[in-house]
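[1] This is the structure alone, sequence omitted:
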């Protein structure tokens with residue numbers, strides 16, 4: 001008789017997957033900053049290379065998911081929703097982030113991106129007319145107060161204040177685009193499945209990225225040094241495909257709340273790697289801001305505990 005893993009073992013495996021996924025997502029900003037530091041590659045070309053290297057994995061996922069049990073046949077409105085998801089979640093969010101990393105350090109970038117759950121709360125309340133709860137208001141105050149502290153710290157250190165403002169605005173726009181993706185993805189995932197939604201949205205975003213490259217860049221820009229190809233391949237595998245798969249498996253084993261808790265390590269990992277690999281500063285004020293952001297996001301993300309008998 002096969003020995004089934006215990007519930008504790010399953011949860012522990014899920015936690016490890018979530019931590020590896022957080023590490024993979026955190027490494028992306030470091031790889032982008034290294035590419036910019038080593039060569040004069042632009043954001044559009046770098047993103048195009050990342051998507052080209054990831055394309056075989058997207059195609060394999062789409063092929064695997066097409067015959068999933070219970071999959072609904074795609075209708076015209078499904079395709080419109082998938083185009084919107086590809087446009088916001090994987091194209092706009094990515095290109096704005098890559099542009100922003102030209103101007104700000106990796107630690108501040110990850111903190112701003114990590115605000116997306118709070119943006120989901122604000123946009124959802126605005127669209128539905130619901131009031132923001134007291135807990136959510138406290139979370140928003142903590143999160144955006146933390147960003148203000150981290151931003152003020154970087155503003156004091158930088159010699160290019162206009163660049164810091166522009167880069168922060170671009171990354172903030174990336175977080176908004178990802179929040180819009182999350183808000184629109186629920187119905188599509190429920191109807192056609194998570195794997196098909198992710199695979200098709202990624203493929204559509206790849207089309208958008210390659211179209212932008214074709215319109216704005218010469219084809220010769222794809223000819224880059226081997227080190228840029230290596231970084232782009234690492235972005236595709238380590239920071240795109242693998243963490244997405246690990247995250248799905250982590251949620252299945254440990255639940256969304258535990259994964260959200262473990263995922264809060266992402267910004268801390270990016271700040272640490274930024275200091276270790278890129279030599280970025282990490283001031284006490286910046287670390288305090290990071291702590292406030294993480295606390296606020298976790299207040300929004302994690303479910304409220306109910307009292308016994310409630």
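    Good, I have the coordinates. If you're wondering where the values come from, they're calculated on a predicted model, not measured in any experiment.
[2] doesn't residue 195 make contact with residue 65?
    Yes - at 3.7 Å, residue 65 and residue 195 qualify as touching, with contact defined as CB atoms under 8 Å. Every C-beta, even on glycine, is put in place using the N, C-alpha and C of the backbone.
[3] Can you pull the poorly scored residue ranges out of this protein?
    In the predicted model of the chain, residues 1-5, 67-72, 248, 251, 256-261, 303-310 satisfy pLDDT under 70.
[4] mind listing the helices for the stretch 101-250 of the chain?
    106-113, 116-128, 134-157, 161-192, 194-216, 226-236, 242-254 (DSSP state H, counting those that start in this stretch).
[5] deepest of the ones you listed, which one?
    helix 106-113 (a mean of 27; mean count of other CB atoms under 10 Å).
[6] How far does stretch 22-39 sit from its chain's centre?
    13 Å (CA atoms, centre = their mean, to the nearest Å).
[7] Next one: residue 211 relative to residue 10, how far apart?
    43 Å (CB to CB, to the nearest Å).
[8] To clarify, my last question referred to residue 241.
    Distance from residue 241 to residue 10, by CB to CB: 23 Å.
[9] Over to residue 278?
    In terms of CB to CB, residue 278 sits 37 Å off from residue 10.
[10] what's the answer for residue 164, then?
    From residue 164 to residue 10 the distance is 44 Å (CB to CB).
[11] and if you look at residue 40?
    Separation of residue 40 from residue 10 (CB to CB): 48 Å.
[12] The two - which one has more neighbours?
    residue 10 (14 against 8; other CB atoms under 10 Å).
[13] Am I right that the more buried one is in contact with residue 253?
    Yes - contact between residue 10 and residue 253 holds when scored by CB under 8 Å: they sit 5.0 Å apart.
[14] Setting the sequence-adjacent residues aside, check what's closest to residue 181.
    Distance criterion CB to CB, 6 or more residues apart in numbering; nearest residue to residue 181, sequence neighbours excluded, is residue 89 at 2.9 Å.
[15] residues near that neighbour, how many?
    Neighbours of residue 89 using other CB under 10 Å come to 24.
[16] What's the separation between it and residue 97?
    From residue 89 over to residue 97 the distance is 12 Å, taken as CB to CB.
[17] What of residue 171?
    6 Å.
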